[in-house]
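>>> got a predicted model here, sequence first, then my questions.
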Amino acid sequence: LTENSPCPVDAHEELLGECESIWKQMEECQSKLTLLRPEKALKSDDKLSRLMMNARALAAEHNEWQQRSPEIISDNLDVLLALGKEELQKVKKDLEMVLSTIQSRNEKLEEDLKREQQWHEEQKLVLDALNEIEKEKNNEAKKLSRTRALHELQHQEKKLSMYKKELLNALGEFLEEHFPLPDKSRSTKNSKNSGEPAVELITLHEILEILVNKLMRTPHDPFVTIEDSFWPPYIELLLRCGIALRHPEDPNRIRLEAFH
C-alpha cells in the first residue's frame with residue numbers, strides 16, 4: 001500500500017462483516033438480558049427495586065469490562081495499516097492546527113513584547129527628560145532662593161543702616177539740646193587758673209560713640225581710658241545713670257554697659 005492509496009475492497013468488506021457479527025452478538029445479549037429481568041416488584045418498592053436492579057447490572061457490566069482484555073478489530077494487516085494511517089493523519093492534522101495556533105499566539109506575543117519594549121524605551125526617555133528638567137529647576141530655584149536671600153539681607157542691612165543713622169541723628173540732636181558743651185570762656189578761665197594748657201572738649205555724643213565702637217570692635221577688652229578731652233561731668237553722668245561702668249582695678253578706665 002502507498003501512503004495515499006485507499007483501503008482494498010476485500011479488507012473493507014471483511015471489516016464490515018466483523019462489525020455486523022459483533023452487532024448481532026450485542027442484540028442477542030440484549031434479548032437475553034430482557035428475558036432474565038425479574039417480574040415487576042410491588043408498587044411501593046417499585047423505584048427502589050428498579051434502582052437496585054440498575055446498580056447490579058452496572059456493577060456486573062463494570063466487572064466484565066475490567067476482566068476483559070481489548071480485542072483487535074481485525075487480523076488483516078491491510079485493514080490495520082489503513083486504520084493506523086487514517087488515525088495518524090487525524091493526529092497530524094490536530095497537531096498542525098495546535099502548532100499553527102501556538103505560532104500565531106507566539107507571533108502576537110512577540111508583537112506585544114516589541115510594543116511594550118518600545119513603550120518602555122519611550123517612557124524611559126520621558127523620565128530622563130523630566131529628571132533633567134527637575135534638576136535644572138532645582139538649580140534655578142536654589143540660585144533664585146540665594147539671590148532672594150541676598151537681596152533680602154542687603155535690604156535689611158540697608159534698613160538697619162538707615163535706622164541706625166536716624167537713631168544716631170536723633171541721639172545727637174537730643175544730646176546737643178540737653179547736654180551741650182560748657183562755654184569756651186569758662187573752660188579757658190578754668191584752664192588759666194589751673195595753669196594747664198586748654199584742651200578741646202568733645203561732646204557727650206562723641207564719648208558715647210567712642211564707647212560703642214570700642215565695645216563692638218574689641219568685646220573682650222571694651223574699656224576706654226578717660227582722656228583730658230572727656231568732660232568730667234559727662235563721665236559722672238554716665239556712671240550715675242548706669243550707662244558706663246568703671247574698671248574695677250583702674251578708675252581711669254570706663255566701658256559701656258553691655259545692654260545687648
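Okay, I see it.

>>> only C-alpha atoms for contact and neighbour calcs from this point on.
Noted.

>>> what ranges do the strands span in this structure?
Listed in chain order, the strands found in the chain under DSSP state E are 224-225, 244-246, 253-256.

>>> of these, which stretch is the most buried?
The highest mean neighbour count among the strands of the chain belongs to strand 253-256 (a mean of 21), with neighbours defined as mean count of other C-alpha atoms under 10 Å.

>>> now do that strand: everything it contacts.
Outside strand 253-256, the residues within contact range by C-alpha atoms under 8 Å, 6 or more residues apart in numbering are 208, 211-212, 215, 222-226, 243-247.

>>> which of those sits closest to residue 129?
Nearest to residue 129 out of the contacts of strand 253-256 is residue 215 (C-alpha to C-alpha; 57.0 Å).

>>> what about the spatially closest residue to that closest one that is not a sequence neighbour, neighbour count?
Leaving out its chain neighbours, the residue that sits closest to residue 215 by C-alpha to C-alpha, 6 or more residues apart in numbering is residue 222, at 4.6 Å. Each residue near residue 222 was counted by other C-alpha atoms under 10 Å, and the total is 19.

>>> quick one: residue 222 and residue 245 touch, right?
No - applying C-alpha atoms under 8 Å, one finds residue 222 not in contact with residue 245, separated by 10.4 Å.

>>> first-to-last residue distance for stretch 62-79?
30 Å (C-alpha to C-alpha, to the nearest Å).

>>> picking that back up, quick one: closest of the strands of the chain to residue 155.
Proximity of the strands of the chain to residue 155 was assessed by C-alpha to C-alpha; the nearest stretch is strand 253-256, lying at 29.3 Å.

>>> sheet partners, orientation included, of that closest one?
strand 224-225 (antiparallel), strand 244-246 (antiparallel) (DSSP bridges).

>>> so which of the ones you listed comes closest to residue 236?
Comparison of those against residue 236 by C-alpha to C-alpha identifies strand 244-246 as nearest, at 9.1 Å.

>>> give me the neighbour count for residue 174.
Neighbours of residue 174 under the rule other C-alpha under 10 Å: 13.

>>> could you give the mean pLDDT of the longest helix along the chain?
In the chain, with assignment by DSSP state H, the single longest helix is helix 77-178. In this model, helix 77-178 has an average pLDDT of 90.

>>> with stretch 57-71 instead?
Across stretch 57-71, the per-residue pLDDT values average to 76.

>>> how far is that stretch from where the chain is centred?
The chain centre lies 69 Å from the centre of stretch 57-71; the measure is C-alpha atoms, centre = their mean, to the nearest Å.

>>> for stretch 12-27, same thing?
Mean-position distance between stretch 12-27 and its chain equals 78 Å (C-alpha atoms, centre = their mean).

>>> what are the buried residues along it?
Neighbour-count burial for stretch 12-27 flags residue 15 (criterion: 16 or more other C-alpha atoms under 10 Å).

>>> same question, stretch 214-228
With burial defined by 16+ other C-alpha under 10 Å, the residues of stretch 214-228 counted as buried are 214, 215, 222, 223, 224, 226.

>>> and the furthest pair within those?
Top of the distance list for the buried residues of stretch 214-228 (C-alpha to C-alpha): 215 and 226, 15.1 Å.

>>> got the domain ranges for this protein?
Domains of the chain are assigned by the TED database as 77-178, 200-259.

>>> just those: most buried one?
When the domains of the chain are scored by mean count of other C-alpha under 10 Å, the highest mean neighbour count falls to domain 200-259 (a mean of 15).

>>> now do it, average pLDDT.
91.

>>> end-to-end on it?
Per C-alpha to C-alpha, domain 200-259 runs 30 Å from first to last residue.

>>> go on, stretch 237-256?
13 Å.

>>> any idea how far residue 160 lies from residue 167?
Here the distance between residue 160 and residue 167 works out to 10 Å (C-alpha to C-alpha).

>>> list the ones among the buried residues of stretch 214-228 that fall in helices.
Residues from the buried residues of stretch 214-228 lying in helices, with DSSP H as the criterion: 214, 215.
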